[in-house]
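With the input below, show me the fold.
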Amino acid sequence: MKLRYQFIREKRRKVGLTVRQFAASVGFSGSYVSQIERGIITPSISALQKIADALEIPISSLFEDESAPSSPEGGYCEVVRAGDRKSFRYPHSNIEYELLSPSFQCKIELIQTRAKPGQSSPTYKHVGEEVVLVLKGTIELWVAERQWILQAGDCLYYESHLPHRWKVLGDEEVQVVTAVVPPSF
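Just a heads-up that it's a prediction; the model follows:
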């Protein structure tokens, strides 16, 4: 996947911010943002998430679309083999994420998350809708001010603009699949 450096500049300009103004809004120096926009440095995932949040776009839109195979009938169709999934982690986190959908450019994002006992997510808030399905283990999931305890087989739907976070409960690793529309990673 290639980062769309110029796209960041275009979106920033479209919202009417100078490099310095935009940098201040995301907590970076103007020099750092300028280097990102010119493709001189590659920012971390957490830096890209801050940029995407500030521009009010999904982080996936910061990456180039990959070539999409099509079916004989003319539509997009692709198998994602278990051994070929894109995996990623946030800096300073041991939580594993795997992209189950073919790319970050799909209209739906399907993510499998694996986390160890006691691990938790930061609080997320973004445009869209989500469905969380617990495959293994138990999680505590907070959506706005409501707490849910979900075990293997349980699922929860919520609107993603509500602040949401989760924590692994018990002594067992957790596996969760989350469907997100539109993609937000």
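
Buried residues of stretch 48-61, list them for me.
Of the residues in stretch 48-61, 48-55, 57-61 count as buried by neighbour count, 16 or more other CB atoms under 10 Å. Using the backbone N, CA and C atoms, a C-beta is placed for each residue, glycine as well.

Show only the entries of these found in helices.
Those of the buried residues of stretch 48-61 mapping onto helices are L48, Q49, K50, I51, A52, D53, A54, L55, per DSSP state H.

for the worst-scoring helix or strand of the chain on mean pLDDT, packing partners?
Ranked by mean pLDDT, DSSP states H and E, the weakest helix or strand in the chain is strand 86-88, scoring a mean of 82. Applying 3 or more CB pairs under 8 Å, 6 or more residues apart in numbering; DSSP states H and E, we find strand 86-88 packed against strand 96-99.

So which residues of this structure form helices?
Going by DSSP H, the chain shows helices at 5-14, 19-26, 30-37, 45-55.

Redo these as CSV? Include distance to D154 and mean pLDDT.
What follows is the helices of the chain, written out as CSV (distance: least, CB to CB, whole Å; pLDDT from 0 to 100):
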stretch, distance to D154, mean pLDDT
helix 5-14, 38, 88
helix 19-26, 36, 92
helix 30-37, 40, 92
helix 45-55, 27, 87
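
how about those helices in TSV, adding distance to F88?
TSV is the format used below for these (distance: least, CB to CB, whole Å):
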stretch	distance to F88
helix 5-14	19
helix 19-26	20
helix 30-37	19
helix 45-55	7
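
give the contact list for A52.
Neighbour list for A52: P58, I59, S61, L62 [criterion: CB atoms under 8 Å, 6 or more residues apart in numbering].

Tell me, domain by domain, which residues of this protein belong where.
With domains defined by automatic domain parsing, the chain comprises 5-62, 82-181.

For D171, what are phi and psi?
Taking degrees, to the nearest 10, you get phi -100, psi 10 for the backbone angles of D171.

what's around it, how many residues?
Around D171 there are 10 other residues, counting by other CB atoms under 10 Å.

Let me see the contact set for the closest residue to F88 other than its chain neighbours.
Nearest residue to F88 in three dimensions, chain neighbours excluded: Y97, at 5.3 Å (CB to CB, 6 or more residues apart in numbering). By CB under 8 Å, 6+ apart, the residues touching Y97 are S87, F88, R89, I111, Q112, T113, F185.
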